[in-house]
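Peer 1: Model the following, please.
(2 chains)
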Amino acid sequence: MTQPLNEDQEQFRAVVDRFLTDKSPTTQVRRLMETDRGYDAGVWKQLSQELGLAGTHLPEIHGGFGFGPVELGIVAEQMGRHLYCGPWFSSSVMAGSMLMLGADEQGRESCLPGIASGESIATLVLDDLTAPARVGQHIHADLLSEGATLSGHAGIVTDAHVADLLIVVAGTGTGRGLFSVAPDTAGVEITPLQSIDPTRKLCRVNFEAAAAIPLGELSEAAMEAAWDYMSMALAFELIGSAQVLFDSTIDYMKMRVQFGRTIASFQALKHKSADLLLELELAKATVRQSAHELANGGQEPWLCSMAKAMAADACMSVARSAIQLRGGIGFTWENDTHLWFKRAKSSEVFLGSPYEHRERVMQMMERSVA
Amino acid sequence: MNGQEREAAIIAEVTEWISANWNPDLSLQAWREILVDGGWAAPAWPEACHGRGYTEAEASVVSRVFRQHQVVGAASSGPRGLAAETILAHGSDDQKKRYLRKILTGEHAWCQLFSEPGSGSDLAGSSTKAEFIDGRWIINGQKVWNTSAHHADYGILLARSDWDLPKHQGLTYFLIDMHQPGVEVRPLRQMNGHASFNEVFMTDAVVAAEDMIGGIGNGWAVAATTLSVERRGFSRDRSVQSFAGLSGRVYDEYQEEQRIANEPYTWYPQRAGRVDLILSRARETGAINDPHVRQEIVRLLSMRKGADLAAAGAAAMKKAGTNEVIPAGSIAKLAASEIARKAAHVHTMISGPEAMLAGSDSALEGTIAEILISVPAISIAGGTDEIQKNIISERVLDMPREPRFDTGPFRDIARNTADT
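Peer 2: The predicted structure is shown next:
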């Protein structure tokens, strides 16, 4: 059953919320999203070194806090709420989780401390962003007597342009392996792409016989587990964004007067609001439970995918309505609504669309019965 | 005494009383007389009214011991609980004395006479007429959606005693004898063929002066008590002990009582959409291999899961005393409607043309067909979806109320033309 946050968790949430309220107001988001690098190095340093957020869920022996999925969710929700611009998700959540769950001991030892402290910015190179089973078909590893070389490409990689460490999943012919590559290695080409959400910087990554360090074979179970972790965290980001949009939209309707009354007094809009609240509450409850499921390994392994699908759908419903209910002003660049709308749209399809996550749920349910 | 000692003491006392008194060969009525005399029929009620003044938690310990020993408890089926709680809260000593005992023993069955053809969602718009003539109340009007009224001995009745006051102030609450010439009960057949409810016609029906409850013009406040008990009941577990396979006269009579009491509700699971049947049906028919059906199934199961978790989360929040407002009741009600509609949609997809069939010619002996024609009820019963959305937007989101057109004397307010 979903538990309310305990006192420590609530305090942690408040600290993260305060920090981001201060460091990531929309004025700052707008400034950073226009830059090529996309983040403020000073804020990243404070966030990772003073607050330790880059190592929230990473093991203590590797310099992390050693918290679990629930605390990771708390941070991710605030990231979505405040639309934080920076490599936290790429480095800590994606590369960090993949290493934690899939790398051999030496790989974890060499890569995780830098990620946990924020001194290193890593990203995870996945050659498919739709489902874990499809990853590893476009990047191929040739294992040498010492080390390996990678060839192939990943069409969309977050924050690769600012990363000093690429963690790569590649096909090995017999299965999949995890590799690390320095971005300045010969044969690595990183090309920034234009993104629909300017707060999430995207690149294309090409490898042409690029030298890589093998970090161990990647089992199917580890790949699936990492996908669950990333999906869960992204779902938390989505509900954080959805809540901001929902609350601000209700506030706007109570203020906006037309035909001599606030538009919040029109029943058509009240009912629309109740529908949105329902969709959001169901998504929030499922997302929160997915963190507990991941922490405790319960009976419903599909909850992370279920959560990602519901959160994405709910956030998009709220985002669409946030614009619609504001009318023309909601479609302007000046109004902040589009900032969250674009993050929602990008997150909707990042790491598996709702369609793909629902299919994954169905497959997991079928396996659990069989 | 701490909590554990208290519980142990209750268990010991109940157990001892049961071993001294329980006899499954008595008639149901005779057994319940003993039960009431022993003070164990309703331990959460006050001592002056057959109870022991126990907390809900203490009372649930008693029920648990009863279940363990397979002992039949007080009558609790149907709308009688609504009547009992209302009488406990607002009734005179004389009313408590005359009515409560027979509710517990099952001697008297009750029904609720609130909704009218002209006032459904707008319950306070009731236009059943109550006039005080020659020392007694004369009732004229029509009620509807009265579950079990055809078995009822008494009814809890909301009627208008003053047409010149604003609508909420002119209502009075009565306890009415259903066995009299002025009361006619007609079954109301629903679109799914069942007749779980009735229409009740009152023509110069009589209520004695001492059967008014809560005072003249105070009917809306008394009805609010009944409605809050009813809402609590919606979230309560409907399952009762079946005592199946046990022999003894008490058990036999109890099962017959339950059969009659549960008759109106046999289609209620179908009304909720039978999400539990979805996966097995999809496998049996092979629809589970259709990518579109798979998507819809997971959408449905996700809603179901989310609604269960939201309800559990709200309960946990309440227990933890956090300030976060979770609009549990209305959200659960609205979610149930959406889930049921979605379930009917998915059942339809899974069945394909077979969804044209009904009864024994159709899947699961008509269960699927019954789902498809019962689901439209769930978004109406117990407060329509539209009313729930008003409640959520006004009480949770603090959006302004609808402008009102029903202030001032009731007789000047626009009403349905079929009304008198």
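
Peer 1: What residues of stretch A:198-205 count as buried?
Peer 2: Neighbour-count burial for stretch A:198-205, with 16 or more other Cβ atoms under 10 Å in any protein chain shown as criterion, is recorded at A:198-203, A:205. From N, CA and C alone the C-beta is placed, and that goes for glycine too.

Peer 1: how about whichever residue of the stretch 101-250 of chain B sits closest to chain A, secondary structure?
Peer 2: Closest residue of the stretch 101-250 of chain B to chain A, Cβ to the nearest Cβ: B:S121 (13.0 Å). What DSSP: H, G, I helix; E, B strand; the rest coil gives for B:S121 is coil.

Peer 1: Skipping adjacent residues, who's closest to it in space?
Peer 2: Excluding the flanking residues, the one nearest B:S121 by Cβ to Cβ, 6 or more residues apart in numbering or on different chains is B:I387, at 5.2 Å.

Peer 1: hang on, the one you found packs against B:D122?
Peer 2: No. Using Cβ atoms under 8 Å, B:I387 makes no contact with B:D122, being 9.4 Å away.

Peer 1: circling back to that earlier point, please identify the helix or strand for the residue nearest to B:S121.
Peer 2: Using DSSP states H and E, B:I387 falls within helix B:385-391.

Peer 1: what's the distance between that helix and the middle of its chain?
Peer 2: 19 Å (Cα atoms, centre = their mean, to the nearest Å).

Peer 1: So, low pLDDT: which residues of the chain?
Peer 2: Defaulting to chain A. Low-confidence segments of chain A, defined by pLDDT under 70: A:1-2, A:370.

Peer 1: other chain: chain B
Peer 2: Filtered on pLDDT under 70, chain B yields the residue ranges B:233-240, B:321-327, B:418-420.

Peer 1: tell me the secondary structure for the closest residue to chain B within the stretch 251-370 of chain A?
Peer 2: Residue of the stretch 251-370 of chain A nearest chain B, by Cβ to the nearest Cβ: A:L282 (3.0 Å). Judged by three-state DSSP, the three-state class of A:L282 is helix.

Peer 1: Could I get the contacting residues of it?
Peer 2: Neighbouring residues of A:L282 by Cβ atoms under 8 Å, 6 or more residues apart in numbering or on different chains: A:310, A:314, B:302-303, B:306-307, B:309-310, B:335.

Peer 1: wait, which of these is closest to B:R189?
Peer 2: The closest of those to B:R189 turns out to be B:A335 (Cβ to Cβ; 29.2 Å).

Peer 1: Spell out which residues sit in contact with that closest one, please.
Peer 2: Listed by Cβ under 8 Å, 6+ apart, the contact partners of B:A335 are A:278, A:282, B:303, B:306-307, B:310.

Peer 1: Would you mind measuring from B:G248 to B:A30?
Peer 2: 12 Å (Cβ to Cβ, to the nearest Å).

Peer 1: B:A340 now?
Peer 2: 43 Å.

Peer 1: same deal with B:D37?
Peer 2: From B:D37 across to B:A30, the span is 11 Å (Cβ to Cβ).

Peer 1: Which one's more surrounded, the two?
Peer 2: Neighbour totals were compared for B:D37 and B:A30, and B:A30 leads with 15 against 12 (other Cβ atoms under 10 Å in any protein chain shown).

Peer 1: Which strand or helix spans the more buried one?
Peer 2: Under the criterion DSSP H and E, the helix or strand holding B:A30 is helix B:28-38.

Peer 1: same question, A:H140
Peer 2: Element membership of A:H140 [criterion: DSSP H and E] is strand A:139-143.

Peer 1: Which residues in the next helix or strand after that strand does the neighbour count mark as buried?
Peer 2: Counting by DSSP H and E, the element after strand A:139-143 in chain order, helix or strand, is strand A:148-158. Judged by neighbour count using 16+ other Cβ under 10 Å, the buried positions of strand A:148-158 are A:148-154, A:156-158.

Peer 1: how much space between the most centrally placed residue in chain A and A:H82?
Peer 2: Per Cα atoms, centre = their mean, the C-alpha nearest to the average position across chain A is that of A:L234, at 3.7 Å. Distance, A:L234 to A:H82, using Cβ to Cβ: 16 Å.

Peer 1: Tell me which stretches of the stretch 1-150 of chain A form helices.
Peer 2: Assigned by DSSP state H, counting those that start in this stretch, the stretch 1-150 of chain A shows helices spanning A:7-23, A:26-33, A:41-45, A:69-82, A:88, A:97-102, A:105-117.

Peer 1: Determine the set of other helices and strands touching the first one.
Peer 2: In terms of contact count using 3 or more Cβ pairs under 8 Å, 6 or more residues apart in numbering or on different chains; DSSP states H and E, helix A:7-23 is assigned the packing partners helix A:69-82.

Peer 1: Return the member of the contacts of B:A335 nearest to B:I288.
Peer 2: The closest of the contacts of B:A335, once distances to B:I288 are taken by Cβ to Cβ, is B:M303, at 18.6 Å.

Peer 1: Setting aside sequence neighbours, what's the nearest residue to the closest one?
Peer 2: Excluding its sequence neighbours, the residue lying closest to B:M303 (Cβ to Cβ, 6+ apart) is B:I339, at 5.2 Å.

Peer 1: Next: A:Q243.
Peer 2: Leaving aside its sequence neighbours, A:Q243 sits nearest to A:R81 (Cβ to Cβ, 6+ apart; 6.7 Å).

Peer 1: neighbours of that neighbour, just the number please.
Peer 2: 24.

Peer 1: Distance of it relative to chain B?
Peer 2: 15 Å (Cβ to the nearest Cβ, to the nearest Å).

Peer 1: surely that residue meets A:D17?
Peer 2: Yes. Applying Cβ under 8 Å, one finds A:R81 in contact with A:D17, separated by 7.3 Å.

Peer 1: sorry, back to before: got CSV for the contacts of A:L282, with distance to B:H108 too?
Peer 2: What follows is those, written out as CSV (distance: Cβ to Cβ, whole Å):
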residue, distance to B:H108
A:M310, 48
A:A314, 49
B:S302, 46
B:M303, 41
B:G306, 42
B:A307, 37
B:L309, 41
B:A310, 39
B:A335, 36
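
Peer 1: of all these, which comes closest to B:D153?
Peer 2: B:A335 (36.7 Å).

Peer 1: What's the biggest strand in chain A, counting residues?
Peer 2: strand A:202-218 (DSSP state E).

Peer 1: which helices and strands does it pack with?
Peer 2: With contacts taken as 3+ Cβ pairs under 8 Å, 6+ apart, strand A:202-218 sits against helix A:97-102, helix A:105-117, strand A:139-143, strand A:148-158, strand A:165-171, strand A:176-181, strand A:188-193.

Peer 1: Assign a three-state SS to the residue most central in space within chain B, would you?
Peer 2: For chain B, B:E230 is the residue whose C-alpha lies nearest the centre (Cα atoms, centre = their mean; 5.1 Å). Following three-state DSSP, we place B:E230 in the helix state.

Peer 1: got a list of what it touches?
Peer 2: By Cβ under 8 Å, 6+ apart, the contact set of B:E230 is B:82, B:112, B:382.

Peer 1: between these, which is nearest B:P403?
Peer 2: B:G382 (25.9 Å).

Peer 1: In terms of secondary structure, what does whichever strand or helix holds A:T249 contact?
Peer 2: With secondary structure defined by DSSP H and E, A:T249 is part of helix A:220-255. Applying 3+ Cβ pairs under 8 Å, 6+ apart, we find helix A:220-255 packed against helix A:69-82, helix A:97-102, strand A:261-262, helix A:267-296, helix A:303-324, helix A:337-349.
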